[in-house]
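Visitor: predicted model and sequence follow; I will ask about them next.
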Amino acid sequence: MALFKRKRDDARPEKSVESVAEHAPDVAASAPASEPDAAPAVGISMSSYGGFGAAAKAQAEPAAAPEPTPTPTSQRQPAVRGPELAPPPTETIPGLRDNVLLRDALAQLPETPSNEELAGVARHLLQGHLFLRIKGDARALLSEGKELPLAIATRGDQQFVLVYSGGAALQAAVSADKDTDTSAMGQPVLTVLRYVLASPYAGIIIDGASGTARAVYPRALLERMLAEAEPELEIKSLLAGERTDATAGEIAAALTRAKFWLAVNTATEGRYGVAEARSPQGDRLLEVYSHPLEVIAMGRGDQPAPMTPGQLANALRADEGITGVIVDAAGPWIKLTRDDLAPLLAD
């Protein structure tokens, strides 16, 4: 019995429910047993769900952005800030495929992260899947048609849903509260976030028992993130997935219909200039981003500005010296040539 509907390739549903306790390390030799004082208290709650309301939509509207000058004016080095490819997949707990990009971004957080560092985690939240911790055996509860008691944390009268990037974070949670009667369920991130926003929860806590490798995102930020995201996160999913000979063409095709942004900053005479990168080979590349958080994560003080496929095509036609685009330069990224962008330029 499936609890949620899934799109293609989402969240490895064939192995989405596993016992956490049977894979948990010895409690005495594991992660911290309590949350930091400033964090909400963590516990398994009887707050439950019987369906995630996948059709729920965030109500926040995207903020207006300045209309950029179509000619790129800002040339900066380096062209990219992160790796081209996502790390290979791992399963810390057999059967639970880790969200490696999110896990690794959390692991890099210092004790007091900057806004850019938190944006870097949030951008990786918008791809792949998350794990939820369930009180009891999720498979048995589902087979009996029962609702699933969901792990939450409380702060005053607010409740935060606990989500996890992978097996290590789930093991740390079990070790911290010693509640071994739990299981884990993996779901596409959009399904989880839409459920949270369709319910009265105050936000989410990611990997709450993992020391500094944790993050709290309030409801208002989640609403804004989803309002500015593609409905199916098509570009981000392709960039985070396995690269094939077809990937460049698939992303180029997505650019003919998906939301995307440019990075803009103040140029001469108060006009807005569009960020342009140069590759080590000297190629001029227009920087394109799948979400405003990708612009912020570059750490340059640029502002995200929405652009339509038609505007991007016009900008490329207006300057033959631009050899292509680079998508999500903070990584994982891809460079698309004019030949790759033929579907966009043909419109």
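Guide: Structure's in. What do you need?

Visitor: just say helix, strand or coil for P304.
Guide: Assigned by DSSP: H, G, I helix; E, B strand; the rest coil, the conformation of P304 is strand.

Visitor: show me what contacts it?
Guide: A65, W261, L262, A263, V264, Y289, P292, E294, V295, I296 (Cβ atoms under 8 Å, 6 or more residues apart in numbering). Just so you know, the C-beta spots here come from the backbone N, C-alpha and C atoms, and that holds for glycine as well.

Visitor: the helix or strand that K236 is a member of - contacts with which helices or strands?
Guide: Using DSSP states H and E, K236 sits in helix 234-240. Contacts defined by 3 or more Cβ pairs under 8 Å, 6 or more residues apart in numbering; DSSP states H and E place helix 234-240 against helix 247-254.

Visitor: now the helix it packs on: buried residues?
Guide: If you call a residue buried by 16 or more other Cβ atoms under 10 Å, then helix 247-254 has these buried ones: A248, G249, I251, A252, A253, A254.

Visitor: got phi/psi on Q127?
Guide: phi -160, psi 160 (degrees, to the nearest 10).

Visitor: the chain: helices as residue ranges?
Guide: 100-107, 115-125, 138-143, 167-177, 189-198, 219-227, 234-240, 247-254, 292-297, 309-318, 342-346 (DSSP state H).

Visitor: rewinding a little: which of the buried residues of helix 247-254 sits closest to G282?
Guide: A248 (20.3 Å; Cβ to Cβ).

Visitor: how much space between the nearest residue to that closest one once chain neighbours are set aside and V327?
Guide: Once flanking residues are discounted, A248 sits nearest to D340: 4.8 Å by Cβ to Cβ, 6 or more residues apart in numbering. Distance of D340 to V327, given as Cβ to Cβ, to the nearest Å: 10 Å.

Visitor: same thing with T112?
Guide: Counting by Cβ to Cβ, the gap from T112 to V327 is 31 Å.

Visitor: who has more neighbours, the two?
Guide: Remark: of T112 and V327, V327 carries more neighbours, 27 against 7, as counted by other Cβ atoms under 10 Å.

Visitor: which ones are touching that one?
Guide: I235, L239, I251, L255, F260, V288, Y289, S290, W333, I334, K335, L336.
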